[in-house]
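Chemist: with the input below, show me the fold.
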Amino acid sequence: MTVHRPPDSRSLPNLIVYEKEYTKHLSALFPISHATLASLSAFAAASPSAIPSSSVSLAQTISTIVDIFSGADDAIQLYNQAVENWHDQLGQLIKLEEDIAAILCDKEILLVPSLSLPALR
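Modeler: Numbers count the residues shown, from 1 in each chain. Below you'll find the predicted structure:
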């Protein structure tokens, strides 16, 4: 059973801060990943192209591994872009919440005096 709590005004800003930190760390991985893929590709190019006892060469095997890692890298970049888009949407949501809070405050300011006027007469 879900416990319903009153809304906490700090929840959304905290989520935005943590998501920003998360995407910063995720983005920091890409230069390292590219350097690693480049090194592995160079190693594959320098590897022997044929091993007499095997039908697959070491160079082909390493090149296949580079392709797999490159595909995983592309998928992680797409995921990172999706998280950044979500982060932007959370920022828009917080602006909407602020607008709604201002409207509710204005409503109270305008409504309370008009309700108390007949009581003063």
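Chemist: run the chain-centre distance for the longest helix seen in the chain.
Modeler: Taking DSSP state H as the criterion, the chain has its longest helix at helix 58-120. Chain-centre distance of helix 58-120: 10 Å, with C-alpha atoms, centre = their mean, to the nearest Å.
Chemist: could you list every residue that touches the residue nearest the centre of the chain?
Modeler: The chain has V83 as the residue nearest its centroid, 2.3 Å off, counting by C-alpha atoms, centre = their mean. Counting by C-beta atoms under 8 Å, 6 or more residues apart in numbering, V83 touches E19, Y22, T23, L26. Placement of C-beta: from N, CA and C, glycine included.
Chemist: is the nearest residue to W86 once chain neighbours are set aside in a helix, a strand, or coil?
Modeler: Counting by C-beta to C-beta, 6 or more residues apart in numbering, W86 lies nearest to E19, which is 7.1 Å off, once chain neighbours are set aside. Here E19 takes the helix state, with states given by DSSP: H, G, I helix; E, B strand; the rest coil.
Chemist: E19 reaches D88, doesn't it?
Modeler: No: using C-beta atoms under 8 Å, E19 makes no contact with D88, being 10.0 Å away.
Chemist: mutual contacts of the two, please.
Modeler: Counting by C-beta under 8 Å, 6+ apart, nothing touches both E19 and D88.
Chemist: more crowded one of the two?
Modeler: E19 (16 against 11; other C-beta atoms under 10 Å).
Chemist: which ones are touching the more buried one?
Modeler: V83, W86, H87, L90.
Chemist: give me the buried subset of the residues you listed.
Modeler: Burial by neighbour count, judged by 16 or more other C-beta atoms under 10 Å, picks out V83, H87, L90 from the contacts of E19.
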